[in-house]
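*Asks:* For reference, the sequence and a predicted model appear below.
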Amino acid sequence: MKLTISTKPLKGKEIVRNWHLIDADGQILGRVASNVTAILQGKNKANYVPYIDCGDFVVVINASKIGLTGKKAASKKYTHYSGYPGGLRIDDFKSLLEKHPEKIIEAAVSGMLPKNKFRNDRLRRLFVFKDANHSYQAKFNKNSK
């Protein structure tokens, strides 16, 4: 009995990266972040393999209109430590949503991605905008034709 391979393994040169537009208006942060993470990893494709980075580009718009469930909006904290004494910066969700809402989605997606050699490349393919205006409209017009 001879075994045959039914699916052809994916090679790095054969990767086709598409562009996805996600509107975060009125959506929950964790659900948006998990969907974005799956697209960045390429898990939405039929030829997904974990040892090749075959993910797509993702543009998230309306980041300033993202929401949380329960009392998390009042209690969620974001920390950043510079490495120097006195360099600990703590921001709460509400103030970060007013100043830099993009960082909220980037932090959630970064925390959900696997901590391996593909993480930085995947995060470079994520583009987050606080409102509906973005500079990648030409990519979506090209794909729709």
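*Replies:* Perfect, I can see it now.

*Asks:* contact partners of the worst-scoring helix or strand of the chain on mean pLDDT?
*Replies:* Using mean pLDDT, DSSP states H and E, helix 137-144 stands out as the lowest-scoring helix or strand of the chain, at a mean of 77. For helix 137-144, the external contacting residues (Cβ atoms under 8 Å, 6 or more residues apart in numbering) are 18-19, 21, 57, 59. No exception for glycine: its C-beta is placed from N, CA and C like everyone else's.

*Asks:* Mind listing what's buried along it?
*Replies:* Of all the residues in helix 137-144, those buried under the rule 16 or more other Cβ atoms under 10 Å are K139.

*Asks:* show me where pLDDT drops low in the chain?
*Replies:* Per-residue confidence for the chain (pLDDT under 70) gives these ranges: 1, 5-7, 143-145.

*Asks:* which residues in it form helices?
*Replies:* In the chain, the helices defined using DSSP state H lie at 29-41, 72-75, 93-99, 101-112, 119-124, 137-144.

*Asks:* Tabulate those in JSON lines, adding columns for distance to Y51.
*Replies:* Supplementary listing: those in JSON lines, determined by distance: least, Cβ to Cβ, whole Å:
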{"stretch": "helix 29-41", "distance to Y51": "12"}
{"stretch": "helix 72-75", "distance to Y51": "35"}
{"stretch": "helix 93-99", "distance to Y51": "35"}
{"stretch": "helix 101-112", "distance to Y51": "19"}
{"stretch": "helix 119-124", "distance to Y51": "14"}
{"stretch": "helix 137-144", "distance to Y51": "27"}
